[in-house]
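In: Structure for this input, please:
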Amino acid sequence: MRWATFLDDEGRERAGLVVGERLHAIEPGVRLIDLLGDDGERLARAGERVASEPHETVELASARLLAPIPAPPSVRDFYAFEQHVRTARQRRGLDMEPDWYELPVFYFTNPAAIVGPGADVAIPPGSEQMDFELEVAAVVGRGGADLAPDAAERHIAGYCVMNDWSARDLQRREMRLSLGPAKGKDFATSLGPYLVTPDELEVRRKGRAFDLSMTATVNGRSYSHASLADIYWSFGEMLAYASRGTRLMPGDVIGSGTCGTGCILELSLVHGEDAYPWLVPGDEVVLEVEGLGRLPNRVVTGKPSVPLRP
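Out: I've put the predicted structure just below:
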């Protein structure tokens, strides 16, 4: 099943099942996150019901799509593709850190800054090095604590495309202080266009994930190409690590981290900033993952930074 969240004509957040080129909408007041919390049975039952008896139908092309989970309880973003990590470290004269192969590390980003497909993304105050990051996110369906990897994967309600927008200059300054990223990351995270349930992807299972092509374009120019199957840490392993000593909640978002070639930072380190310049207002970034859909966003001018002290 493919699920979407959209705004209806009255500005209400609605959930709908994608059937061909139409959305079969559930009755108002029921959000997609409200259908989570178990082994997927509630979502499956809702899908069967709304496929045959929708409350209303909406043309997908004209729907105002939001992120599938517009306000998740939390967002954790991991660092799970070796090519991306290795390239970034080599260009800084660093070898791979052995612990990267032992710990699927992550950071928390801002659940209040989630945007959906088609939304404008403003350059954050004070930044001149805006970047995209091509990722896949898993959405937690059933909560749990101290999970084993095999069990943790069964807690996933579905997957979607993710853009972990980054202000590289802000991020670089923050992380020199051994804390962060913070303002270099917390201004926007794009998710969408759909939440695709795991059964839809099972036929493409390969390695630690699924053999799904991942691409990014900027203003129609091809920038990135990878496969989700290249991932080093599985989503089950990432969820298991995230759940250690704490509890995952339904609707939590677990990002894969950037795939190989999946950001301007990595591309510019290899080919130079003239070949892959930082994003500027008016640029359109389109991320696409086979089976998960297409996630477009336009970069716009942001607000000026306000001095912290006179």
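
In: What segments of the stretch 1-150 of the chain are helices?
Out: 41-52, 82-91, 149-153 (DSSP state H, counting those that start in this stretch).

In: Relative to residue 269, which of these is closest?
Out: The closest approach between residue 269 and any of the helices of the stretch 1-150 of the chain, judged by CB to CB, belongs to helix 82-91 at 4.0 Å. (Each C-beta comes from the backbone N, C-alpha and C, glycine too.)

In: Report all helices and strands that that closest one contacts.
Out: Helices and strands touching helix 82-91, as assessed by 3 or more CB pairs under 8 Å, 6 or more residues apart in numbering; DSSP states H and E, comprise helix 264-271.

In: Including mean pLDDT, distance to residue 237 and mean neighbour count, could the helices of the stretch 1-150 of the chain go into CSV?
Out: As requested, the helices of the stretch 1-150 of the chain are arranged in CSV below (pLDDT from 0 to 100; distance: least, CB to CB, whole Å; neighbours: other CB atoms under 10 Å):
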stretch, mean pLDDT, distance to residue 237, mean neighbour count
helix 41-52, 95, 24, 15
helix 82-91, 90, 14, 17
helix 149-153, 96, 5, 17
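
In: Please convert those helices to TSV, extending it with distance to residue 290.
Out: TSV is the format used below for the helices of the stretch 1-150 of the chain (distance: least, CB to CB, whole Å):
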stretch	distance to residue 290
helix 41-52	22
helix 82-91	18
helix 149-153	20
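
In: Could I get the contacting residues of the residue nearest to residue 134 when sequence neighbours are not counted?
Out: Using CB to CB, 6 or more residues apart in numbering and skipping the chain neighbours, the partner closest in space to residue 134 is residue 262 (3.4 Å). Residue 262 is in contact with 81, 84, 133, 134, 135, 214, 216, 224, 226, counting by CB atoms under 8 Å, 6 or more residues apart in numbering.

In: what sits against the residue nearest to the first one when sequence neighbours are not counted?
Out: Distance criterion CB to CB, 6+ apart; nearest residue to residue 81, sequence neighbours excluded, is residue 259 at 4.9 Å. Under the criterion of CB under 8 Å, 6+ apart, the neighbours of residue 259 are 81, 83, 84, 134, 135, 214, 224, 226, 227, 228, 230, 231.

In: One more: residue 57?
Out: Contact analysis of residue 57 by CB under 8 Å, 6+ apart lists 22, 23, 24, 25.

In: The third one contacts residue 14, doesn't it?
Out: So the one you mean is residue 24. No. In this structure, residue 24 sits apart from residue 14 without contact. The criterion is CB atoms under 8 Å, and the distance is 10.8 Å.

In: These two - which one has more neighbours?
Out: Neighbour totals were compared for residue 24 and residue 14, and residue 14 leads with 25 against 21 (other CB atoms under 10 Å).

In: Any stretches of the stretch 1-150 of the chain with poor pLDDT?
Out: Within the stretch 1-150 of the chain, the set of residues satisfying pLDDT under 70 is empty.

In: about what we covered before: of the contacts of residue 57, closest to residue 159?
Out: Ranking these by separation from residue 159, with CB to CB as the measure, puts residue 23 on top at 18.8 Å.

In: show me what contacts the closest one?
Out: Contacts were defined as CB under 8 Å, 6+ apart; by that measure residue 23 touches 4, 6, 16, 17, 57, 58, 59, 60, 63.

In: Mind doing that once more with 6 Å?
Out: Under the criterion of CB atoms under 6 Å, 6 or more residues apart in numbering, the contact list for residue 23 reads 16, 58, 60, 63.

In: Angles on the backbone of the last one, please.
Out: Backbone torsions for residue 63, taken as degrees, to the nearest 10, come to phi -70, psi 140.

In: Name all residues that make contact with it.
Out: 6, 23.

In: now the third one
Out: Residue 60 sits next to 21, 22, 23 when contact means CB under 6 Å, 6+ apart.

In: Save those residues as CSV, and put in distance to residue 69 too.
Out: Output for these, formatted as CSV (distance: CB to CB, whole Å):
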residue, distance to residue 69
21, 23
22, 22
23, 16
